[in-house]
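# coords below, sequence missing:
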Ligand code: IMP
Ligand code: MG
């Protein structure tokens with residue numbers, strides 16, 4: 001298709017949560033997509049105000065869960081940010097965290113003297129983030145802050161200082177908006193509770 005005009009318009013509507021719900025009946029909506037988007041926007045605008053525009057942060061996303069949140073968040077931050085990713089394995093199987101953490105992918109960039117904002121999908125026991133923060137601190141960033149979309153206060157085993165938090169949620173296993181169960185459900189546009197899973201829930 002030839003694009004002839006300078007401005008390209010996309011249809012603004014997203015697929016309705018109800019349509020997704022019909023296709024994923026095992027997931028109950030906990031935070032609908034409109035509420036999620038509104039809060040992400042608030043967070044992004046607040047973060048953008050908190051940093052000097054000429055000294056913006058490097059956003060460090062924790063793969064894979066934070067991808068969707070990071071992508072939306074940075075587009076609500078009208079400052080010139082950069083981003084990078086780390087991947088961490090908690091040696092967990094499905095919904096269990098063992099507490100042993102391993103770095104699978106390191107940053108591509110040096111963070112010495114830079115403002116770093118770690119962007120995480122969910123703070124559960126806190127083991128993953130406390131490991132990551134300890135590691136990043138050894139590299140002497142100018143500052144190190146944390147933004148998590150979700151936090152399960154009841155589950156926290158290690159105290160992790162959180163500078164920005166989207167939502168405090170109950171101790172339930174959630175999926176969607178980047179969060180998975182056995183690699184599924186990451187593409188749901190809302191946060192939902194997965195019903196009918198067996199065993200201990202993270
Ligand atoms: P933590 O080390 O226990 O804080 O675990 C954090 C990581 O576990 C998150 O980055 C997620 O990848 C995963 N996780 C924890 N709770 C949930 C959940 O309810 N749904 C999906 N993934 C979760
Ligand atoms: Mg994660």
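Nice, I can see it. If you're wondering where the values come from, they're calculated on a predicted model, not measured in any experiment. Ligands and ions are numbered 1, 2, ... in the order given.
# moving C-terminal of the longest helix seen in the chain, what's the next helix or strand?
For the chain, the helix reaching the highest residue count under DSSP state H is reported as helix 33-50. Helices and strands here follow DSSP states H and E; after helix 33-50, the next one along the chain is strand 58-63.
# What is whichever helix or strand comes after that following strand packed up against?
Remark: after strand 58-63, the chain's next helix or strand is helix 67-74, criterion DSSP H and E. Packing contacts for helix 67-74, counted by 3 or more C-beta pairs under 8 Å, 6 or more residues apart in numbering; DSSP states H and E, involve helix 33-50, strand 58-63, strand 115-123. Where C-beta positions appear, they are placed from N, C-alpha and C, glycine not excepted.
# mean confidence score for the second one?
For strand 58-63, mean pLDDT is 98.
# quick one: contacts of that strand?
67, 70, 73-74, 81-88, 105, 107, 109, 111, 114-121, 128-129, 132, 136 (C-beta atoms under 8 Å, 6 or more residues apart in numbering).
# Filter the residues you listed down to the buried ones, PyMOL style.
Only the buried entries of the contacts of strand 58-63 go into this PyMOL selection, using 16 or more other C-beta atoms under 10 Å:
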select buried, resi 67+70+73+74+81+83+85+86+88+107+111+114+115+116+117+118+119+120+121+128+129+132+136
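# circling back to that earlier point, any chance of the helices and strands packed on helix 67-74 in TSV, with distance to residue 25 too?
Output for those, formatted as TSV (distance: least, C-beta to C-beta, whole Å):
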stretch	distance to residue 25
helix 33-50	17
strand 58-63	29
strand 115-123	23
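# mind listing what the residue of the chain found nearest ligand 2 touches?
Distances between the chain and ligand 2 by C-beta to the ion are smallest at residue 65, namely 3.4 Å. Residue 65 is in contact with 120, 121, 122, 178, 179, 180, 186, counting by C-beta under 8 Å, 6+ apart.
# Now narrow those to whatever sits close to ligand 2.
When C-beta under 5 Å from the ion is applied, the members of the contacts of residue 65 adjacent to ligand 2 are residue 121.
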